[in-house]
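**Student:** Give me coordinates for this.
(chains A and B)
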Amino acid sequence: MRVSSFAVARPAYYDRNAASVVQVVDSSYTPHGQTNRGTYTVAAGKKANLESASIFLLTEAAPTVAARAIATIYILVSAVPCYVVRLDGTAGSTLNTARSAGLNGSPTIYPGEQLLFLTLDQSTGGTIGYNLNAKMTLFDS
Amino acid sequence: MIIRLQLIGSGTGTDPYRIDLPTYSGVVTNETTSRAFADVPVADVPADVAAFVAAYPTVDLTTPLPVPFPQSLANSWAEHLARQYDLGNARWHPVVF
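**Tutor:** Numbering: from 1, shown residues only, chains lettered A, B, ... in the order given. Sure, this is the predicted structure:
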């Protein structure tokens, strides 16, 4: 009996020179304009699966005048932002009041695309603690 | 490695404050002086730039560098990033500031 060879399948993405990438922004900021606190760009020949992303905000010092505060994690695709996690509202006036949001879905990030962490606080005075984090698997395209 | 860099942008939705680098984290800014500390992957920093950063340590976001960041090092860094990410020449132009 003759047994033919199996076709060789392409390895799964997690077997293609895979590596974990973790990006974290964990700091306290007074009011500020829209600011990219961190970013990760996928290099040529690579892709990244975003597996986890979350945002936690905590009012650490109450503002004199509370106004809009944003924390968001987004992917920049051809200069168009695609928000994957976002908290957008008025800065809390009560100390130690936490807000949080988590990732929906599991987007793939392609070469040249960027994962970005952005914060904004338009209040007068006060401090917000920001924790934005993401975990992805980077692999050969 | 932590590097003090020039902050670009105007703080608006279409032009947020940012660092002109492909990958960084932990940014702390001073919008008035246009300076920011950022944590940059070691692989993204060429040896000559790392040597400049080590030679002129910075402790705050206000005191100017004793010497300006040389244009030759700026060019070297831009070329290093172009090779590292292979996404087109001179896409990023970070400046130690």
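
**Student:** Give me the contact list for stretch A:55-68.
**Tutor:** Applying CB atoms under 8 Å, 6 or more residues apart in numbering or on different chains, the contact partners of stretch A:55-68 are A:28, A:31, A:69, A:71-73, A:85-102, A:120-132. (Glycine included, C-beta is placed from N, CA and C.)

**Student:** Could you rerun that using 6 Å?
**Tutor:** Stretch A:55-68 is contacted from outside by A:28, A:71, A:85, A:87, A:90-93, A:95, A:97-101, A:122-129, A:131-132, using CB atoms under 6 Å, 6 or more residues apart in numbering or on different chains.

**Student:** ok, now stretch B:74-93?
**Tutor:** Taking contacts as CB under 6 Å, 6+ apart, the residues outside stretch B:74-93 that touch it are A:43-44, A:112, B:20-22, B:46, B:48-49, B:94-95.

**Student:** Let's see if you can find the most crowded of the residues you listed.
**Tutor:** Neighbour tally across these (other CB atoms under 10 Å in any protein chain shown): the maximum, 24 neighbours, falls on B:Pro94.

**Student:** in what helix or strand does it lie?
**Tutor:** Using DSSP states H and E, B:Pro94 is not contained in any helix or strand.

**Student:** and it, what pLDDT?
**Tutor:** Listed pLDDT for B:Pro94 reads 96.

**Student:** Quick check: it touching B:Leu21?
**Tutor:** Yes. Here B:Pro94 reaches B:Leu21: they are 4.9 Å apart, a contact under CB atoms under 6 Å.

**Student:** the strands in the chain, which residues?
**Tutor:** No chain in the question, so chain A it is. Remark: strands assigned in chain A by DSSP state E are A:19-29, A:32-41, A:46-61, A:68-77, A:80-90, A:98-102, A:108-109, A:114-121, A:127-140.

**Student:** wait, chain B
**Tutor:** For chain B, the strands defined by DSSP E occupy B:2-8, B:18-19, B:25-30, B:35-39.
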